[in-house]
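[1] Need a 3D model of the following:
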Amino acid sequence: MRLLIPSLFFILACVFFLFPLASFLREILDENSIQFLTSPQIRTATVNSMMVSLVGACLSLLVAVMAASLLIRLKTKYQVIFAFLLTWPMLLPSLSHGMGLIILFGNNSWIARVLSLDIHIYGFFGILMGSLLYALPVGFLMIFDILKYEDRTKYAAAEILGIPKYSQFLRLELPYLKKPLIGVFFALFCLILTDYGVPLMVGGRYQTLPVLMYTETIGLLRNLCTKGG
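    Predicted structure coming up:
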């Protein structure tokens, strides 16, 4: 009986995941596909994706921890409203974040015209800003939910003992968040790594792997439609 359930899960995984994946790889891994997957273009796009995902996940996690910790400490009846304002952008597709950056900071944006600034939003830093806007609400929501159920009596004791706020954060809150932060970081990293909306809008020549795969897929579908027509 103990081996029945694991065996059942293994069979289901093979039927619904491994076998379809193997069939898919067998169809696409021809000579041209292997040549494309080993091309310098793929390597460059992979390095670009890893770099922007790593930096973006670190920045998003840092801002999320600061915002969630600050909001938890603010004893106000409007806490839910502030939390909603910080999380509602996650309801928008990432293309909207990229478009918003172009409207605000693009070459023809009203900020650039009014302040006579030559702003270069396209490239690594543009993707980083868009990824921060895209991933921050998710990171904040996860950290806020973790801190919301933390036992706050130790902070009350620290207040009575006169321990400064920054020491409470470093000695009490960060150790409590140490293990959850690993999971949150991995979630934010994967979220930014797999996104193509922001890099597609503001990436410019800094091409990431999802954008490269997207453009190659569009080209493949166009060729198939042309041959079919």
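[2] Could you name the helices and strands sitting against the longest helix seen in the chain?
    In the chain, assigned by DSSP state H, the helix with the most residues is helix 40-73. Judged by 3 or more Cβ pairs under 8 Å, 6 or more residues apart in numbering; DSSP states H and E, helix 40-73 is in contact with helix 79-87, helix 124-148, helix 174-193, helix 209-228. Backbone N, C-alpha and C define where each C-beta goes, glycine included.
[3] hmm, 6 Å instead?
    Of the remaining helices and strands, those touching helix 40-73 by 3 or more Cβ pairs under 6 Å, 6 or more residues apart in numbering; DSSP states H and E are helix 124-148, helix 174-193, helix 209-228.
[4] Quick check: buried residues in that helix?
    Within helix 40-73, the residues that count as buried by 16 or more other Cβ atoms under 10 Å are 45, 48-49, 52-53, 55-57, 59-61, 63-65, 67-69, 71-72.
[5] relative to helix 124-148, how tilted is it?
    Between helix 40-73 and helix 124-148, the angle formed by their directions is 40 degrees, by axes from the mean of the first three to the mean of the last three Cα atoms, to 10 degrees.
[6] returning to that earlier point: identify, out of the helices and strands packed on helix 40-73, the most deeply packed stretch.
    Mean neighbour count (mean count of other Cβ atoms under 10 Å) peaks for helix 124-148 among these, with a mean of 22.
[7] returning to what we had before: show me how far the longest helix of the chain is from its chain's centre.
    Offset of helix 40-73 from its chain centre (Cα atoms, centre = their mean, to the nearest Å): 7 Å.
[8] That helix to helix 174-193, inter-axis angle?
    Going by the same axes, to 10 degrees, helix 40-73 is angled at 140 degrees with respect to helix 174-193.
[9] Contact partners for V138?
    In this structure, V138 makes contact with M90, judged by Cβ atoms under 6 Å, 6 or more residues apart in numbering.
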